[in-house]
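Asks: sequence and predicted structure, then a few things I'm wondering about:
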Amino acid sequence: MSEALDTIRDETEAAIAAAADLRALDAVRVAALGKSGRVTGLLKTLGALAPEERRSFGAAVNALKGEVERALDQRRTALEAAALEARLAAERMDVSLPPRPFPSAGAEAGAIHPISRTMEELIALFGAMGFAVAEGPDIEGDWYNFTALNIPAHHPARQDHDTFYLPAPKSGGDSPRPVLRTHTSPVQIRTMLAQEPPIRVIVPGRTWRADHDATHSPMFHQVEGLVIGRDITLGHLKGCLTDFLRAFFGIADLPVRFRSSYFPFTEPSMEVDIGWNRKTGELGAGGDWLEILGSGMVHPKVLANAGVDPKVWQGFAFGMGIERITMLKHGIPDLRPFYEADLRWLRHYGTSPLSPFNLHDAA
Ligand code: PHE
């Protein structure tokens, strides 16, 4: 009997050691411990034995059963670890590889349009200064686009805007015609009516004026900015716009000049210029000035029109042409191809979603 035990132990342990994978190991388990396995078979003989013998033999068989189970467990753990190792080796991925070339070889890969790209940059840069994004409709009411912004019916600024008017609604009596918004400034009004100050938003969006040449398009884009608080000052306006312009153009010491100007909806009003070289078109140095945007402290009448108490709240606003800053940043000479969907132009001026905002940051 004990010889049979030793034989079973030796053969089973040899088979366990030889099992090359989990499936082979399971076959060994069944052969030893399964319903008609060899160890199970020994256990079945116990009933026929005398009590004395049954005790000692039973203990020996149970000890064997325990040994076989432990050996199976150990081997299973080892085989599982090996299987995992093999999978990890087969599925290894090098996360330090550089991105695939763009556009990938032979493929018609897309690129981000320069306008979309600049909008993303504006949202990221002003976002870092705590600005949220606000929106308004392209078809605007006369009151939002003009009147609420302190541009009354016969104000000359209305002529300046070369406005596209839409037909008045039939039931509208003699109410003013809707317009394609001539600037993003009406969203100042909408934002102040919709939310309590303090306010800090930018408004990137489409704008429209009946104007068409190499630097003007009937549809173009602006970004508006509005900051309202209890003690927002001209100093905040200057700091905010200086930081923005230097970050956007990627020139840490870009000269920035604030020049007195006039807008009906700001008081005082300022035009903002940046330093450049008129001859070479290079930004930053050269002693010439280039007008970049309009800005000012929000006129008290505008605050009041939008339901904000000018005795408690004050702030600044600015408006900037998105095509203009995009052309300057990337040296794009003509505005018209922005809207012509010419793939050669898009491939040249479009950017990869992965490329950094300022190309010199890539080095
Ligand atoms: N709305 C003005 C324009 O289109 C720009 C501007 C916005 C100026 C906000 C001052 C404040 O020219």
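Replies: Noted; the coordinates are in hand.
Asks: what are the bridge partners for the residue in the chain positioned nearest to the ligand, then?
Replies: Distance from the ligand to each residue of the chain (C-beta to the nearest ligand atom) is smallest for residue 319, at 2.7 Å. (Each C-beta comes from the backbone N, C-alpha and C, glycine too.) Residue 319 forms beta bridges with residue 224, residue 294, as assigned by DSSP bridges.
Asks: ok, it touching residue 298?
Replies: No. Counting by C-beta atoms under 8 Å, residue 319 does not reach residue 298; the two are 12.0 Å apart.
Asks: with neighbour numbers in mind, choose between the two.
Replies: Taking other C-beta atoms under 10 Å, residue 319 and residue 298 do not tie; residue 298 has more neighbours (26 against 22).
Asks: any idea how far residue 5 is from residue 271?
Replies: Using C-beta to C-beta, to the nearest Å, we find residue 271 at a distance of 101 Å from residue 5.
Asks: in the stretch 1-150 of the chain, which spans are helices?
Replies: Using DSSP state H, counting those that start in this stretch, the helices found in the stretch 1-150 of the chain span residues 2-18, 22-33, 38-45, 51-90, 114-128, 142-145.
Asks: buried sites along stretch 292-305?
Replies: The neighbour-count check on stretch 292-305 (16 or more other C-beta atoms under 10 Å) flags 292-300, 302-303, 305 as buried.
Asks: ok, and which of those reach the ligand?
Replies: 294-296 (C-beta under 6 Å from any ligand atom).
Asks: ok, so of the residues you listed, who is nearest residue 337?
Replies: residue 294 (25.8 Å; C-beta to C-beta).
Asks: which residues does the nearest residue to residue 145 once chain neighbours are set aside contact?
Replies: Counting by C-beta to C-beta, 6 or more residues apart in numbering, the nearest residue to residue 145 once its immediate chain neighbours are dropped is residue 186, at 4.8 Å. Residues in contact with residue 186 (C-beta atoms under 8 Å, 6 or more residues apart in numbering) are 136, 140-141, 144-145, 148-149.
Asks: show the average pLDDT along stretch 293-304.
Replies: Taken as a whole, stretch 293-304 carries a mean pLDDT of 98.
Asks: and what of stretch 321-336?
Replies: Per-residue scores along stretch 321-336 average to 92.
Asks: next one: stretch 272-288
Replies: 92.
Asks: the chain should start at 259 in everything you say after this.
Replies: With 259 as the first residue, the last one maps to stretch 530-546.
Asks: first vs last residue of that stretch, how far apart are they?
Replies: Stretch 530-546 has an end-to-end distance of 13 Å (criterion: C-alpha to C-alpha, to the nearest Å).
Asks: cool, and stretch 567-587?
Replies: Using C-alpha to C-alpha, the two ends of stretch 567-587 sit 39 Å apart.
Asks: give me the buried positions along it.
Replies: For stretch 567-587, a neighbour-count test (16+ other C-beta under 10 Å) marks 571-587 as buried.
Asks: stretch 458-471 now?
Replies: Buried residues in stretch 458-471 (16+ other C-beta under 10 Å): 458-463, 465-467.
Asks: residue 575 contacts residue 557, correct?
Replies: No. Under the criterion of C-beta under 8 Å, residue 575 makes no contact with residue 557, lying 9.2 Å away.
Asks: find residues that contact each of the two.
Replies: Each of 523-524 lies in contact with both residue 575 and residue 557 under the rule C-beta under 8 Å, 6+ apart.
Asks: next, the closest residue to residue 489 other than its chain neighbours: phi, psi?
Replies: In this structure, residue 489 finds its nearest non-sequential neighbour in residue 572, 7.4 Å apart by C-beta to C-beta, 6+ apart. Residue 572 adopts backbone torsions of phi -150, psi 170, taken as degrees, to the nearest 10.
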